[in-house]
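Engineer: Fold the following, please.
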Amino acid sequence: MAATAKSASPTACSQWKAPQVALVPVVVGGRTVRVPPRLARAVRRGLVDPG
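Structural biologist: As a prediction, this is how the structure comes out:
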């Protein structure tokens with residue numbers, strides 16, 4: 001029987017937090033919206049609706 005990884009336990013996963021992402025202001029159609037840096041280019045091109 002193979003041992004399971006300790007880090008894959010539900011307790012360890014529940015304590016994990018993603019780092020806070022800084023938002024970048026992007027002007028779309030005269031409106032300024034704040035989006036994550038990885039989505040800024042797509043929002044400017046109109047591929048993603050900022051909401």
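Engineer: quick one, longest helix in this protein?
Structural biologist: Counting by DSSP state H, the longest helix found in the chain is helix 37-45.
Engineer: Mind listing what's buried along it?
Structural biologist: 39-40, 43 (16 or more other C-beta atoms under 10 Å). The C-beta positions use only the backbone N, C-alpha and C, and glycine is treated the same way.
Engineer: Go through the residues you listed and name the one nearest residue 31.
Structural biologist: Nearest to residue 31 out of the buried residues of helix 37-45 is residue 43 (C-beta to C-beta; 10.8 Å).
Engineer: Give me the helices and strands touching the longest helix of the chain, please.
Structural biologist: Applying 3 or more C-beta pairs under 8 Å, 6 or more residues apart in numbering; DSSP states H and E, one finds that helix 37-45 makes contact with strand 24-28.
Engineer: Which residues does the strand it packs on contact?
Structural biologist: Strand 24-28 is contacted from outside by 32-37, 40, 43-44, 46, 50, using C-beta atoms under 8 Å, 6 or more residues apart in numbering.
Engineer: Got the phi and psi for residue 47?
Structural biologist: In terms of degrees, to the nearest 10, the main-chain angles of residue 47 are phi -80, psi -30.
Engineer: Mind pulling the model confidence for it?
Structural biologist: pLDDT for residue 47: 95.
Engineer: Take the contacts of strand 24-28 and write them to TSV, including distance to residue 15.
Structural biologist: Output for those, formatted as TSV (distance: C-beta to C-beta, whole Å):
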residue	distance to residue 15
32	36
33	32
34	28
35	28
36	24
37	27
40	31
43	33
44	37
46	39
50	32
